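1. Based on what follows, work out the 3D shape:
(one chain, ligands or ions: 1)
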Amino acid sequence: MTYDFDKDGFMIVDGFLPRAMVDTISRYFQMKKRMGDFNSSGSPGFIPGAQTWYGDCLTEALLITMHPAIEEFTNKKLYPAYSFCRNYLRYQKLPVHTDRPSCEVSLTMCLGGTYDSDDFVWPICIEHPPEHVKHFQKPGDMIVYKGTEMKHWRPRLLHGENHLQMHLHYVDVESSWAEDLKFDARTSLGIPEVAGDGHEEVKLKWAEFMGWGYNAGIVNDKGTDWTDEDTKSLDDYIPDNPGLPDLEMVARFGPADDVEEYRTKLQNYGSTI
Ligand SMILES: [Fe+2]
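-> Next up, the predicted model:
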């Protein structure tokens, strides 16, 4: 089934980027990850422990390259806002939420990951009343969606070590916030998220105006289709998974002697998983 951006609020575009390019982007971020080169806290209360890159030059370049195509898909004139890449780790999930105003027109593209089996595909879910759509994305597949309107989420990543996802965001030039949020209130693309010189206030103003939190409008912490497996607490998994304090946890929290210590650190960090 195909979906219409205007009518349904989203559309699915599979295989948009050539696999060779997707693999190149993925390898690039894997290398950055190995170097511990992250430039964003990535909303620690939103997905605790996820590794994120805001406005990386590679994804900012893609934000520009894909700009004409996204305008064509959506039949709108758009300003680029910002790009973002997130590396999800095992047991993480994406709460049901809508995006902040800079994400008025958004795309989310799978860059692949390391999974427990070759046939595992981690779905992204998006509302499509009266139900919702689960998109089982393979590398290069994407959803283009109305970020400020459409609730979207992911179940818990139970069957993979990590999953890399790229997000590109645009604002409609017709929007009342377009001039404020062009380039996500930065002076240009390709520079880090700006704080402290008025730009944060601009973003906050629009987020509050729209009635959302700064980072995203979190609707609730449970999707509409969680299975029992999805909703188990992390405690249900840790005892059988001594591998949890992996390199990512070490990188974030430093070395620890046992699983219990990492659990405490996760909880102190504000994790709700
Ligand atoms: Fe989102």
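
2. So for stretch 149-157, mean pLDDT?
-> The predicted model gives stretch 149-157 an average pLDDT of 85.

3. quick one: buried residues of it?
-> 150-157 (16 or more other C-beta atoms under 10 Å). Every residue, glycine included, has its C-beta placed from N, CA and C.

4. Does residue 161 lie in a helix or a strand, and which?
-> Under the criterion of DSSP states H and E, residue 161 resides in strand 160-172.

5. where does the protein dip in pLDDT?
-> 1, 39-46, 48, 194-201, 203-273 (pLDDT under 70).

6. And this protein, what are its domain boundaries?
-> Here the domain assignment for the chain is 5-228, 233-268, based on automatic domain parsing.

7. helices and strands around the helix or strand just after the strand holding residue 161, which ones?
-> Next helix or strand after strand 160-172 toward the C-terminus (DSSP H and E): helix 178-181. Packed against helix 178-181 by the contact rule (3 or more C-beta pairs under 8 Å, 6 or more residues apart in numbering; DSSP states H and E) you find strand 78-89, strand 160-172, helix 199-209.

8. can we see that at 7 Å?
-> Judged by 3 or more C-beta pairs under 7 Å, 6 or more residues apart in numbering; DSSP states H and E, helix 178-181 is in contact with strand 160-172, helix 199-209.

9. For that helix, buried residues please.
-> Within helix 178-181, the residues scored as buried using 16+ other C-beta under 10 Å are 178, 180-181.

10. try stretch 61-74
-> Those would be 62-63, 66, 70, 73-74, for stretch 61-74 by 16+ other C-beta under 10 Å.

11. now the strands for the stretch 101-250 of the chain?
-> Ranges of strands within the stretch 101-250 of the chain are 105-115, 123-128, 131-136, 142-146, 152-154, 160-172, 216-220, based on DSSP state E, counting those that start in this stretch.

12. what are the pairing partners of the first one, and which direction each?
-> If I follow you right, that is strand 105-115. strand 142-146 (antiparallel), strand 160-172 (antiparallel) (DSSP bridges).

13. again with the third one
-> For strand 131-136, the pairing partners within the sheet under DSSP bridges are strand 123-128 (antiparallel).

14. Surely residue 51 and residue 35 touch.
-> No - contact criterion C-beta atoms under 7 Å: residue 51 and residue 35 do not qualify, at 11.6 Å.

15. Who has more neighbours out of those two?
-> residue 51 (23 against 8; other C-beta atoms under 10 Å).

16. so who does the closest residue to the more buried one other than its chain neighbours touch?
-> Spatial nearest neighbour of residue 51, chain neighbours left out: residue 87 (4.1 Å); criterion: C-beta to C-beta, 6 or more residues apart in numbering. Residues in contact with residue 87 (C-beta atoms under 7 Å, 6 or more residues apart in numbering) are 29, 33, 50-51, 162, 164.

17. Swap in 6 Å and give it another go.
-> If you count contacts by C-beta atoms under 6 Å, 6 or more residues apart in numbering, residue 87 has them with 51, 162, 164.

18. beta partners of it?
-> On the basis of DSSP bridges, residue 87 is bridged to residue 51, residue 164.

19. quick one: it and residue 62, what's the gap?
-> Using C-beta to C-beta, to the nearest Å, we find residue 87 at a distance of 17 Å from residue 62.
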